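Enquirer: Sequence below, structure please.
(one chain, ligands or ions: 1)
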Amino acid sequence: MDTGSNGFEGMTGRLAAAAMARLNRDMERAAVAELDPAPDDAVLAVGFGPGVGVAALTARLTAGTVGGIDPSSTMVELAVRRNRAAVEGGRVRLVVADAASIPWPDGSFGAVVAVNSLQFWDPLDVSLREVARVLAPGGVLVTLTHCWAIEKRAPVDEWVEMVTVLLRDAGFVGLESRTQPFRSGEGLVLRVRAR
Ligand SMILES: C[S@@+](CC[C@H](N)C(=O)[O-])C[C@H]1O[C@@H](n2cnc3c(N)ncnc32)[C@H](O)[C@@H]1O
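Expert: So this is what the prediction gives:
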């Protein structure tokens with residue numbers, strides 16, 4: 001489901017969230033497996049939607065913490081509800097914010113994960129620099145994005161070329177890229193490291 005970045009609020013957002021929680025569950029879990037965090041890591045989830053990935057991260061980070069940002073107050077409400085015990089216990093903090101302005105200090109996270117949200121980051125260059133800023137040196141960014149959502153913007157190869165340049169300009173190194181089949185279609189997996 002790709003409703004445009006403004007389609008995630010209110011009733012439209014609730015309907016989208018119900019579909020995403022079901023259809024994108026495997027991508028969210030694959031993103032956590034790809035990240036492979038240590039139990040005591042601090043990980044930021046960007047564009048977490050209904051919070052399925054936040055729950056998967058929390059289960060892995062038995063001694064760590066999860067931060068999360070999403071510009072949709074509806075998604076934050078639903079994700080807080082899905083992760084209520086961890087939020088109330090202080091292990092998870094989910095806030096309304098977008099990738100271009102992340103309300104955490106420099107170097108706060110060992111890893112950042114974004115599933116089906118990179119295509120909405122606006123401006124993308126500013127957002128990637130923000131992600132680089134909140135990552136500790138050597139920290140990892142993993143993104144998984146439906147190819148069909150990318151293709152609404154540009155052919156996947158061209159989009160990867162464009163993102164590669166922006167990632168490099170933002171200070172990331174060691175880009176790895178591949179596609180992988182998921183329940184709701186082919187996904188583009190990007191993995192990169194902050195310098
Ligand atoms: C297609 S949904 C994906 C949700 C979930 N990660 C999944 O795959 O099911 C995109 C999410 O990105 C969020 N989003 C939109 N623009 C964003 C931005 N600029 N920065 C961070 N998240 C954004 C939306 O509010 C929405 O929750």
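Enquirer: Point out the residues in this structure that sit beside the ligand.
Expert: Proximity of the chain to the ligand is confined to 2, 5, 8, 20, 24, 27-28, 46-49, 53, 69-72, 75, 98-99, 115-117, 120-122 under the rule CB under 6 Å from any ligand atom. All C-beta spots, glycine's among them, are computed from the backbone N, C-alpha and C.
Enquirer: ok, so what distance separates the spatially closest residue to Glu186 that is not a sequence neighbour from the ligand?
Expert: Nearest residue to Glu186, sequence neighbours excluded (CB to CB, 6 or more residues apart in numbering): Cys147, at 4.4 Å. For Cys147, the distance to the ligand (CB to the nearest ligand atom, to the nearest Å) stands at 14 Å.
Enquirer: now Val112
Expert: As judged by CB to the nearest ligand atom, Val112 and the ligand stand 11 Å apart.
Enquirer: likewise Ala18?
Expert: Going from Ala18 to the ligand by CB to the nearest ligand atom gives 11 Å.
Enquirer: Now name the helix or strand holding that residue.
Expert: Under the criterion of DSSP states H and E, Ala18 resides in helix 10-23.
Enquirer: Give the next helix or strand downstream of that helix.
Expert: Per DSSP H and E, the first helix or strand lying C-terminal to helix 10-23 is helix 25-35.
Enquirer: Average pLDDT for the following helix or strand past that following helix, rounded please.
Expert: Using DSSP H and E, the helix or strand that follows helix 25-35 in sequence is strand 42-46. For strand 42-46, mean pLDDT rounds to 99.
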